[in-house]
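*Asks:* Sequence first, then the predicted structure:
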Amino acid sequence: MQQEKAAALLAAIGAKQARIGVIGLGYVGLPLAMTASRAGFTVLGFDIDPDKMTAIDAGRSYIDAVPDAVLASEREAGRFSATTDFMRLGECDVIAICVPTPLTRHREPDLSYVSGTCRQILGTLRHGQLIVLESTTYPGTTEEVMKPILEESGLVAGTDFFLGYSPEREDPGNRDFETSTIPKIVAGDGEAAAALVAAFYGAVVKTVVPVSSTRTAEAVKLTENVFRAVNIALVNELKLVYERMGIDIWEVVNAAKTKPFGYMPFYPGPGLGGHCIPIDPFYLTWKSREYDQPTRFIELAGEINTAMPRYVVDRLAEALDRSLGKALSRSRILILGLAYKKNVPDIRESPSLRLMELLIERGADVAYHDPHIAEVPRTREYGHLKGRKSVPFTAEELAGFDAAIVATDHDQVDYQRVAELIPLVVDTRNTFGSRGIASANIVKA
């Protein structure tokens, strides 16, 4: 019976007759839905946000990685549609879960979105479906969290339905890679599930990388982001050390990366942003406690990186007092860049939000400019900042600030004008140095 169900779904995937469901139409889900649709599958997207449905129905994309023309084309061709009606999950043969996996205020995994989504699937789960989690999480989630919930239906994973894990690897703003060209880690709960997961993703992306278990696949994604978090923490710490020595960390890194082997450049900044690097390492440290295994290296990296916004504010306060003779509490500060990385409108876990909060706590009058983000949206941690609007980038507006912090180095900003019009500029991204702009009022942090 199991072989018949797996064979039937495998054949449907091979013929591109399997209907695909994608739950969560954000930075991960919408690009995946478009990739599967353009590969020839019929895709039904699910999300709880009615504003996304309105945009999709109008052929208007809210994700940079998905052009309006592509979204409109797939809708008009009848290959993609979206709904808030989760009872339609029963129509889908393959369901990919692309929902958030944030941290709680106590830095513990918050799997409420994953478990809640599984309970939504539970209501329509049927024989022969393949359920795949893409959300980043700790090793064991697929087996220990998803499987028990879905088996409350009375159906058995590996026999009646199939379960897999394939971590998302999206990189917003990266023009060199897209969903279809990023190699996809794939794993299943059992041999039949593994074959089905590999078959589905093999039909929509160029390269699949099978691993032996869902736990291994979950660990792969965490390892990738722990690696980045630890190395960024290292270079952030070196920044502090070299600053005391009068050495420019950016010059050091740029010279070191000329070595063609044994070195990979990482760059300092005002803190970590994005959904992955600031969060994923803590999923592993939390899970490791179950095995009584300390993760001192990862936890230290977390401490260093989360301390960077406060360091930047301290540098600003010191520079204001030294160069302008003015206290931070009596100063008007402009944050340049709200997004967590350059040239994208993504503010998830952005250190700019923390910088803004710290400056407000110290009594500063704070504003921001970001060509990609007109207004601060609602966030889990910084709801009190919601509604603040990006100030115009005009000479009159810029001249009204005592200092600016370059938190995100968007290419669209005229930094020469910033240096000319604002008395003090704290540069956390080597923005001016990389553009050959020299001025006595620029301080690196």
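*Replies:* Cool, got the structure.
*Asks:* The spatially most central residue of the chain: what's its closest spatial neighbour, skipping adjacent residues?
*Replies:* The chain has residue 275 as the residue nearest its centroid, 3.2 Å off, counting by CA atoms, centre = their mean. Leaving out its chain neighbours, the residue that sits closest to residue 275 by CB to CB, 6 or more residues apart in numbering is residue 348, at 4.7 Å. The C-beta positions use only the backbone N, C-alpha and C, and glycine is treated the same way.
*Asks:* mind pulling up the phi and psi values for that neighbour?
*Replies:* Main-chain dihedrals, residue 348, degrees, to the nearest 10: phi -60, psi 120.
*Asks:* With the one 5 residues further on instead?
*Replies:* Backbone geometry at residue 353, expressed as degrees, to the nearest 10, gives phi -70, psi -40.
*Asks:* Now do the contacts for the residue lying closest to it once chain neighbours are set aside.
*Replies:* Closest residue to residue 353 apart from its sequence neighbours, by CB to CB, 6+ apart: residue 382 at 4.6 Å. Residue 382 is in contact with 353-354, 356-357, 376, counting by CB atoms under 8 Å, 6 or more residues apart in numbering.
*Asks:* Settle this for me: the residue nearest to the centre of the chain is touching residue 100, isn't it.
*Replies:* Yes: in this structure residue 275 lies within contact range of residue 100 using CB atoms under 8 Å: 7.2 Å.
*Asks:* so what pLDDT did the residue lying closest to residue 280 once chain neighbours are set aside get?
*Replies:* Nearest in space to residue 280, with sequence neighbours left out and distances taken as CB to CB, 6+ apart, is residue 225 at 4.0 Å. Looking at residue 225, its pLDDT is 94.
*Asks:* helix or strand right after the host helix or strand of residue 225?
*Replies:* Assessed by DSSP states H and E, residue 225 sits inside helix 214-244. Using DSSP H and E, the helix or strand that follows helix 214-244 in sequence is helix 249-256.
*Asks:* List the buried residues for that following helix?
*Replies:* 249-250, 253 (16 or more other CB atoms under 10 Å).
*Asks:* and if you look at stretch 414-433?
*Replies:* Of the residues in stretch 414-433, those buried (16+ other CB under 10 Å) are 415, 418-419, 421-422, 424-433.
*Asks:* Looking at those residues, which are in strands?
*Replies:* The members of the buried residues of stretch 414-433 that map onto strands under DSSP state E are 424-427.
*Asks:* now, the most widely separated pair of those residues?
*Replies:* Across these, no pair lies farther apart than 424 and 427, at 10.6 Å, counting by CB to CB.
*Asks:* shared neighbours of these two, which are they?
*Replies:* residue 443.
*Asks:* what's the average pLDDT for stretch 277-288?
*Replies:* 90.
*Asks:* ok, and what's touching that stretch?
*Replies:* By CB under 8 Å, 6+ apart, stretch 277-288 touches 101-103, 107-109, 136-140, 221-222, 225-226, 228-230, 232, 271-272, 294-295, 298-299, 301-302, 305-306, 349.
*Asks:* again, but for stretch 388-404
*Replies:* 316, 319-320, 324, 326, 331-336, 338, 356, 367-371, 373-376, 413-414, 417-418, 421-426.
*Asks:* Just the buried ones out of these, please.
*Replies:* The buried subset of those (16+ other CB under 10 Å) comprises 316, 319-320, 326, 331, 333-336, 338, 356, 367-371, 373, 376, 413, 418, 421-422, 424-426.
*Asks:* residue contacts, the residue nearest to the centre of the chain?
*Replies:* 27, 100, 102, 136, 348-349.
*Asks:* Mind doing that once more with 10 Å?
*Replies:* 26-28, 100-102, 135-136, 168, 170, 172, 225, 340, 346, 348-349 (CB atoms under 10 Å, 6 or more residues apart in numbering).
*Asks:* Helices - which of the buried ones among the contacts of stretch 388-404 land there?
*Replies:* Judged by DSSP state H, the buried ones among the contacts of stretch 388-404 include 316, 319, 356, 418, 421 as members of helices.
*Asks:* Between those, which sits nearest residue 85?
*Replies:* Nearest to residue 85 out of those is residue 356 (CB to CB; 38.1 Å).
*Asks:* Retrieve the pLDDT associated with the closest residue to the closest one other than its chain neighbours.
*Replies:* Computed as CB to CB, 6+ apart, the closest residue to residue 356 that is not its neighbour in sequence is residue 366, at 5.4 Å. Note for residue 366: predicted pLDDT of 97.
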